[in-house]
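Colleague: Structure of the sequence below:
(one chain, ligands or ions: 1)
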Amino acid sequence: MKLCLKFSEWRLVYYSLNIKKYRAQYAIIAYAKIEARWSWREEGFLVRHIRAVYPGSFDPITNGHIYIAERAAAVFDELEVSVLINPQKQSTFAMKERCEMAEEALAHIPNVTVNHFDGLLVDYMKQREARVIIRGLRAMSDFEYEFQTALMNRQLAPDIETFFIVTDAQYSYISSNAVRDVYRFGAAVPDMVPPIVERRLIEKFQNS
Ligand code: ADP
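Modeller: Next comes the predicted model:
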């Protein structure tokens, strides 16, 4: 088995083995650092831990988003669904509400967490030590924008890879925008969104 740790990680291992006074502290830090980037497989192998980030407005999360998250979580060790805070864009749901809905809607997937970020996605990815961006594709109309964004992100951070997951035909017409419009005018399409989102949409538009 080839164990290729970063220099800083080897240094932590070295300190933890050599410096008596700090042995316990360094051993714990070294373990925590390595744990964040490596995972033990059932077969007993130590393999690189891959954290992927699925960014978006999720205003609100729909069944289309959930489908993409389920597929990505089946491939990568950890998936972080990251709600974008964009001060320039007026959102229907506050960031806290979007995160709460996403957390509840994704609670059935054990390796998914929900977080939020602002600023450049690649800066956030570096801060989170994540190397994979997940994006969903519904139709060719998504492709042009997604392609440009992926190239821009590669220019900014060549080590970060964008993975596209194609949606299922049944979700190809669903967007947060369409969902909001339907509920705003008093109609309902429960197949488009999880129950928590449906409840919040009804509350939001009944009270406005
Ligand atoms: P929207 O485009 O609905 O406002 P987001 O900005 O939250 O949604 O989108 C985040 C990502 O999820 C984008 O890559 C988008 O293409 C993808 N996505 C959105 N809706 C769907 C869907 N129904 N099926 C697959 N992917 C989707």
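Colleague: now Val179: how far from the ligand?
Modeller: Going from Val179 to the ligand by C-beta to the nearest ligand atom, to the nearest Å gives 8 Å. (C-beta placed from N, C-alpha, C; glycine too.)
Colleague: so that residue, which of the three states?
Modeller: Put simply, Val179 is helix when judged by DSSP: H, G, I helix; E, B strand; the rest coil.
Colleague: Does it touch Asn63 like I think?
Modeller: No - assessed by C-beta atoms under 8 Å, Val179 is found out of contact with Asn63, at 9.4 Å.
Colleague: Please write out the alpha-carbon positions of stretch 190-206 in CSV.
Modeller: Provided in CSV are the C-alpha atoms of stretch 190-206 (Å, rounded to 0.1, in the frame of the first residue of the first chain):
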residue,chain,number,x,y,z
PRO,A,190,-46.3,17.8,-4.7
ASP,A,191,-44.2,15.6,-7.0
MET,A,192,-41.8,18.4,-7.6
VAL,A,193,-40.6,19.0,-4.1
PRO,A,194,-40.2,17.2,-0.8
PRO,A,195,-43.0,17.6,1.9
ILE,A,196,-41.0,20.1,4.0
VAL,A,197,-40.6,22.4,1.0
GLU,A,198,-44.3,22.1,0.0
ARG,A,199,-45.3,23.1,3.6
ARG,A,200,-42.9,26.1,3.6
LEU,A,201,-44.0,27.2,0.1
ILE,A,202,-47.7,27.2,1.2
GLU,A,203,-46.9,29.1,4.4
LYS,A,204,-44.8,31.6,2.5
PHE,A,205,-47.2,32.4,-0.2
GLN,A,206,-50.3,32.3,2.0
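Colleague: let's have the chain start at 58 instead
Modeller: New numbering, starting at 58: the last item is stretch 247-263.
Colleague: Is it positioned near the ligand?
Modeller: No - contact of stretch 247-263 with the ligand (C-beta under 6 Å from any ligand atom) is absent, the minimum separation being 8.6 Å.
Colleague: same thing with stretch 139-148?
Modeller: No - residues of stretch 139-148 are not located near the ligand by C-beta under 6 Å from any ligand atom, the shortest gap being 7.4 Å.
Colleague: Could I get the average pLDDT for that stretch?
Modeller: Across stretch 139-148, the average pLDDT comes to 90.
Colleague: which parts of that stretch are buried?
Modeller: The neighbour-count check on stretch 139-148 (16 or more other C-beta atoms under 10 Å) flags Ser139, Val140, Leu141, Ser148 as buried.
Colleague: So the second one: helix, strand or coil?
Modeller: Looking back up the chat, that one is Val140. Per three-state DSSP, Val140 ends up strand.
Colleague: Hmm, it is touching Thr170, no?
Modeller: No - using C-beta under 8 Å as the test, Val140 is too far from Thr170 to be in contact (11.5 Å).
Colleague: Restricting to C-alpha, output the helix with the most length in the chain in CSV.
Modeller: With secondary structure taken from DSSP state H, the chain has its longest helix at helix 197-213. C-alpha atoms of helix 197-213 as CSV (Å, rounded to 0.1, in the frame of the first residue of the first chain):
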residue,chain,number,x,y,z
MET,A,197,-28.9,21.6,-23.4
SER,A,198,-30.0,25.0,-22.2
ASP,A,199,-28.2,24.3,-18.9
PHE,A,200,-25.1,23.1,-20.7
GLU,A,201,-23.9,26.4,-22.1
TYR,A,202,-23.9,28.2,-18.8
GLU,A,203,-22.5,25.2,-16.9
PHE,A,204,-19.7,24.8,-19.5
GLN,A,205,-18.6,28.4,-19.2
THR,A,206,-18.7,28.3,-15.4
ALA,A,207,-16.7,25.1,-15.3
LEU,A,208,-14.0,26.6,-17.6
MET,A,209,-13.8,29.7,-15.5
ASN,A,210,-13.4,27.7,-12.3
ARG,A,211,-10.7,25.6,-13.9
GLN,A,212,-8.9,28.8,-14.9
LEU,A,213,-9.1,30.0,-11.3
